[in-house]
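Student: quick one: sequence and predicted model below, then my questions.
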Amino acid sequence: FSQNVGICPQFNCLWERLSVREHMVLIGGLKGLTGEDLEQTIDYYLDALALRSHANQKAMYLSGGNKRKLCVANCLIGSPKLLFFDEPSSELDPLARRYLWSSLQQILKLRNASVVLTTHSMNEAEALAHKTGILVNGKFFCIGSTEQLKEKYGSGYKITVLLNGSQKTAEKIISSIFPECRKLIDNSAIQETYEITTKEFSFSRAFEKLGEVQEQGFIKDFSIYNTTLEQVFIYFSSFQIKPSEEDSQKKGPSQKKITLD
């Protein structure tokens, strides 16, 4: 069973005095790889995760990012059918994080495996997950594809316009096109952001009307985007109970359970 399971824990599980290659030899051997199969597997992951130049370096001298990549390699070696990743991109800089995500996507395309990944990065969840579940107080409050969660629990669409004149003029024009819109307070002197929560919103109509406004010179540019997964996560985080609140609820009258379909 252990040969069919790969684990990348939240905290690096490495032997400080073993090199990158020695780690892979050890884990690969535990997964049943020997001889040419083991060497080819090690060479593949050294290249796939950009660890070739560190192959003979001891773990104690690796950077935090390279330690995480080595843990990912140890998880993937042996082509296990069930993989567990606990915040695999922690300690990585943005560029290395994107590279790791791309590498994982390419590697997993080549095999038929099930992956369970926990993360606090909504960008990571959107980049890697086919289905996303959000845990609150140790319980799943929702589970589904990214688009399903956005559609069901999101707050609609947002329109950002780059101003080319008076804020009041732009606001008046936008409000006339989208009467249901609400201007957000985090605006600047050069741009305005509006939120639209109606389900009747039409991308084609919005692009057409805003394009006309841009041609008339009232705005320089515009962008339209829907709810992000992070906004969905923030919505559910409002149900998080702090330890002190949990204790008071246990002592007090029973609370009504929140159910979300």
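Tutor: Alright, I've got the coordinates.
Student: now do the strands in the stretch 151-261 of the chain.
Tutor: With strands called from DSSP state E, counting those that start in this stretch, the stretch 151-261 of the chain shows them at 157-163, 182-183, 191-196, 219-226.
Student: tell me which of those strands lies nearest to residue 173.
Tutor: Distances from residue 173 to each of the strands of the stretch 151-261 of the chain were compared using CB to CB; the shortest belongs to strand 219-226, at 8.1 Å. No exception for glycine: its C-beta is placed from N, CA and C like everyone else's.
Student: who are the packing partners of that closest one?
Tutor: strand 157-163, helix 203-215 (3 or more CB pairs under 8 Å, 6 or more residues apart in numbering; DSSP states H and E).
Student: how about low-confidence regions in the protein?
Tutor: For the chain, the stretches with pLDDT under 70 are 1-2, 154-155, 185-188, 198-200, 241-261.
Student: roughly how far does the residue of it positioned farthest from its centre sit from residue 189?
Tutor: Most distant residue from the mean C-alpha position of the chain: residue 216, 38.8 Å away (CA atoms, centre = their mean). Remark: distance between residue 216 and residue 189 (CB to CB, to the nearest Å) = 21 Å.
Student: ok, now residue 222?
Tutor: According to CB to CB, residue 222 and residue 189 sit 17 Å apart.
Student: between the two, which has more neighbouring residues?
Tutor: In this view residue 222 and residue 189 are compared by other CB atoms under 10 Å, and residue 222 has more residues nearby, 19 against 7.
Student: tell me the contacts of the more buried one?
Tutor: Applying CB atoms under 8 Å, 6 or more residues apart in numbering, we find residue 222 in contact with 159-162, 210, 213-214.
Student: now swap in residue 177 and tell me
Tutor: Residue 177 touches 206, 209-210, 213, counting by CB under 8 Å, 6+ apart.
Student: on that earlier part again, now rank the contacts of residue 222 by neighbours and give me the top one.
Tutor: Counting neighbours by other CB under 10 Å, residue 161 leads the contacts of residue 222 with 25 neighbours.
Student: count the residues that sit near the residue lying closest to residue 229 once chain neighbours are set aside.
Tutor: Excluding the flanking residues, the one nearest residue 229 by CB to CB, 6 or more residues apart in numbering is residue 122, at 4.4 Å. Taking other CB under 10 Å as the neighbour definition, residue 122 ends up with a count of 18.
Student: I'd say residue 122 and residue 228 touch.
Tutor: Yes. At 6.8 Å, residue 122 counts as touching residue 228 under the criterion of CB atoms under 8 Å.
Student: so what's in contact with the two at the same time?
Tutor: Contact criterion CB under 8 Å, 6+ apart; residues shared by residue 122 and residue 228: none found.
Student: so residue 72: helix, strand or coil?
Tutor: Per DSSP: H, G, I helix; E, B strand; the rest coil, the secondary structure class of residue 72 is helix.
Student: quickly note the distance from residue 99 to residue 51.
Tutor: Separation of residue 99 from residue 51 (CB to CB) stands at 12 Å.
Student: over to residue 232?
Tutor: Distance from residue 232 to residue 51, counting by CB to CB: 35 Å.
Student: residue 13 now?
Tutor: Applying CB to CB, the value for residue 13 to residue 51 is 16 Å.
Student: cool, and residue 92?
Tutor: 13 Å.
Student: packing partners for the helix or strand harbouring residue 40?
Tutor: Using DSSP states H and E, residue 40 sits within helix 35-48. Applying 3+ CB pairs under 8 Å, 6+ apart, one finds that helix 35-48 contacts helix 20-30, helix 64-76, helix 94-109.
Student: deepest of these, which one?
Tutor: With neighbours defined by mean count of other CB atoms under 10 Å, none of the helices and strands packed on helix 35-48 is more surrounded on average than helix 64-76, at a mean of 23.
Student: what's the next helix or strand after that one in contact with?
Tutor: Where DSSP H and E defines the elements, the next helix or strand beyond helix 64-76 is strand 82-86. By CB under 8 Å, 6+ apart, the residues outside strand 82-86 that reach it are 4-10, 72, 75-76, 113-118.
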